[in-house]
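Enquirer: show me how the following folds:
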Amino acid sequence: MLRGIRNASENWLGRIVMTVVLTALAGSFAIWGINDIFTGYGRSYVAKIGDTEIQSDQFSQAYNDHLQQLGQQIGHPIPPDQANALGLDRQVLGQLLVQAGLDQLASRMRLGIPMSEIVQHIVTDPHFQTPTGQFDRAMFEGFLQNIGYSEQRFIDEESHDIPRREITDAVSGGLTVPQVYLDAVNQFQNQERSIAYLALGPDQAGNIPPPTDDVLSKYFEDRKILFRAPEYRKIVTLIVTPPELAKTIQVSDADVKKSYDDNLKQYVTPERRHIEQIVFPNMAEAQAASARIKSGVSFATIATERGLKPSDIDLGTVPKSGIIDPTVANVAFSLKQGEVSGPVQGQFGVAIVTVLQIEAGETKPLSVVAPFIRSDIALDRAKGKVQDIHDKIEDARAGGATLEEAAQKLNLPAATLDIDRSGRDASGKLVATMPAAGDVINGAFSNDVGVDTYPIDAEGGYVWYEVEAITPARDRNLSEVRGDVEKQWRNDEIAKRLQAKAGDMLTKLKGGGTLDALAAANGVKVQNASGIKRGVSAPGVPPKAIDAAFHTAKGSFGSSEGETPTQWIVFRVTDVKTPALDPNSDDGKKLVQLLQTSLGDDIFSQYVAWLENDLGTSVNQSVLEQAVGNNSTPENE
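Expert: Numbering: from 1, shown residues only. All right, here's what the predicted structure looks like:
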């Protein structure tokens, strides 16, 4: 991470990256005790580290900057209470504390940077330069506008950021990854194993009689929570996207015909010809060759005699526009199939051409392409209506109309769904299939009945949703889910029998038995898999079996659950290979860089922990809450 901070922060755009990194580092305050340092009630500052006090207005400015950035990322303003539920207030405060601590350390070390060097950084940054390498003030000012900074504020913050980067560079500069660490990680990531295995399923569990009522009732009561009815939400949705609106737009036949005529070239496939060409340096040689061809010598023979390969004379199967020389093109497309031209004075010499094959051109009739043209016209018209409809819906909602009422007013189809968190109805059918369905479902289960919600961007348009009713989760009776309970009971019985059978097989294998003998006795086949790697799926081998294979020594036996509890795998590790790591290969360099980043992250976390303990840190909870409260804005305006 230190190397990432240092490298990313070497340019002005990288400063934003460094801010994000420091925000992440601020989370480490929770590790080293930020929950225990919220003290100092009655003081006027939000927090203090060493001799530096984080004033309320300083925190508010940073908080508002981050709140605005968060709103831009999700596409609409976010209320402070929702942002704080995500930990924004703690992240901003932690970032300010980390920055202040590094600033004090830089002051102790007398680290600084003259203004001339800051200016030099700006004018030489590639992000603010033209293609010719000249500084472009307009690009620089545009960048400042995008991040909401004045020029002076940017320069002031850079004067602090550069010493901070020098400190991180001193902490982590020149990190070398120990070879033993590289070897261990290489072994973990790249080692390959081969196994021979048996896959046991329900057939190997034997006959399982149906459960008695008492057995099933007790099974259900012990696991009632597994069969609990989930919470359902009744939501009204309204989809206003170009594809959806296009379904309601009528396009006349006259409009379709006009579009067809205006864009006829799109529906024409031109004639194509397979053409060969021999180019001569002068007319005399071309005429001599032409005379020989007329006397019966083949075109290919002339080419061979001139030392030309087939690829040297083949122009391919091309339309007339695909031939660069217009004179040659005109001649080639005037010939019949198999005919050879006379000498042609072209742009690149004298040519003789022949046509091997002709593919006739085609114009798609209006009757064939009309449905596609009609759909395209409707879609284009729909795109122009989306924003206007959006504004009308929002105006209606602002006037107190429900989403359904707003839809009726605009003659738009609203849909009502009763769904659980997976988007399924009570029968288990997936019904939430609208654009941005995941965002709609998450929003519906995060809001209460009657709460105004923001439309969600989707497919160039919007999806609105409102929660109409909530059906709480509840316990079901056995009679409601008897079939599901019986199925689950049977699966559990199969799983128990297969696990016991696998254990018995392992005992026999360790006693000298063979996989072949056990396979024959249980009606299965010995299967083989090679080149298995940790965490990488392999055909026919369940992930749990792969994991188990990497916890079993070469030549030893093991077992694991399969894809489901009703499958069990018994295996033997037949081979283990660990490829040598080439540190100069692309993969080797990536691994070294990854480990350097990981080591740097660990070192910097420890360094920040030491810095906080050395300087002393406290947070004034009451002032913090007041500062966050003062930045609160109504959720919907």
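
Enquirer: drop to CA atoms for contacts and neighbour counts, all remaining ones
Expert: Fine.

Enquirer: can you tell me which residues contact residue 542?
Expert: 562-563 (Cα atoms under 8 Å, 6 or more residues apart in numbering).

Enquirer: next one: the one 4 residues further on
Expert: Residues in contact with residue 546, defined by Cα under 8 Å, 6+ apart, are 532-535.

Enquirer: from residue 523, how far out is the spatially most distant residue from the centre of the chain?
Expert: Distance from the centre of the chain peaks at residue 295, with 67.4 Å (Cα atoms, centre = their mean). Going from residue 295 to residue 523 by Cα to Cα, to the nearest Å gives 78 Å.

Enquirer: pLDDT score for the residue farthest from the centre of the chain?
Expert: Listed pLDDT for residue 295 reads 93.

Enquirer: low-confidence ranges, the chain, go.
Expert: 1-43, 629-637 (pLDDT under 70).

Enquirer: try it again with 80
Expert: 1-44, 72-77, 112, 147-148, 172-174, 628-637 (pLDDT under 80).

Enquirer: any idea how it splits into domains?
Expert: Domain assignment of the chain by automatic domain parsing yields the ranges 2-175+593-630, 192-227+479-577, 232-251+369-471, 271-360.

Enquirer: reformat those domains as TSV; add distance to residue 586.
Expert: Below are the domains of the chain laid out as TSV (distance: least, Cα to Cα, whole Å):
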stretch	distance to residue 586
domain 2-175+593-630	11
domain 192-227+479-577	19
domain 232-251+369-471	38
domain 271-360	37
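
Enquirer: for stretch 180-199, which positions count as buried?
Expert: 182, 185-187, 190-199 (16 or more other Cα atoms under 10 Å).

Enquirer: and which of those residues is nearest residue 210?
Expert: Nearest to residue 210 among the buried residues of stretch 180-199, counting by Cα to Cα, is residue 199 at 24.9 Å.

Enquirer: ok, that closest one touching residue 528?
Expert: No: under the criterion of Cα atoms under 8 Å, residue 199 makes no contact with residue 528, lying 10.9 Å away.

Enquirer: how far away is the residue nearest to residue 135 when sequence neighbours are not counted from residue 159?
Expert: The shortest distance from residue 135 to any non-neighbouring residue, by Cα to Cα, 6 or more residues apart in numbering, is to residue 129 (4.4 Å). Distance, residue 129 to residue 159, using Cα to Cα: 21 Å.

Enquirer: helices of the stretch 251-400 of the chain, residue ranges please.
Expert: Along the stretch 251-400 of the chain, counting by DSSP state H, counting those that start in this stretch, helices occupy 253-262, 283-294, 299-305, 310-313, 326-332, 366-398.

Enquirer: any idea which of these is most buried?
Expert: Burial of these is given as mean neighbour count (mean count of other Cα atoms under 10 Å); helix 326-332 ranks first at a mean of 18.

Enquirer: how about residue 107, phi and psi?
Expert: Dihedral pair for residue 107: phi -70, psi -40, per degrees, to the nearest 10.

Enquirer: equivalent analysis for residue 250, please.
Expert: Residue torsions, per degrees, to the nearest 10, at residue 250 are phi -90, psi 130.

Enquirer: my read: it touches residue 378, true?
Expert: Yes: with contact defined as Cα under 8 Å, residue 250 reaches residue 378; the gap is 7.2 Å.

Enquirer: of the domains of the chain, which approaches residue 584 most closely?
Expert: Nearest to residue 584 among the domains of the chain is domain 2-175+593-630 (11.7 Å), distances taken as Cα to Cα.

Enquirer: still on that earlier bit, just the buried members of the contacts of residue 546?
Expert: Buried members of those, counted by 16+ other Cα under 10 Å: 532-534.

Enquirer: mind putting those residues in CSV, secondary structure and distance to residue 366 included?
Expert: Shown next, in CSV, are the buried ones among the contacts of residue 546 (DSSP: H, G, I helix; E, B strand; the rest coil; distance: Cα to Cα, whole Å):
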residue, secondary structure, distance to residue 366
532, strand, 56
533, strand, 56
534, coil, 57
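
Enquirer: nearest to residue 580, of these?
Expert: Nearest member of the buried ones among the contacts of residue 546 to residue 580, counting by Cα to Cα, is residue 533, at 14.9 Å.

Enquirer: hmm, back to that, dump the helices of the stretch 251-400 of the chain to a markdown table, plus distance to residue 339.
Expert: As requested, the helices of the stretch 251-400 of the chain are arranged in a markdown table below (distance: least, Cα to Cα, whole Å):
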| stretch | distance to residue 339 |
| --- | --- |
| helix 253-262 | 36 |
| helix 283-294 | 11 |
| helix 299-305 | 10 |
| helix 310-313 | 16 |
| helix 326-332 | 9 |
| helix 366-398 | 35 |
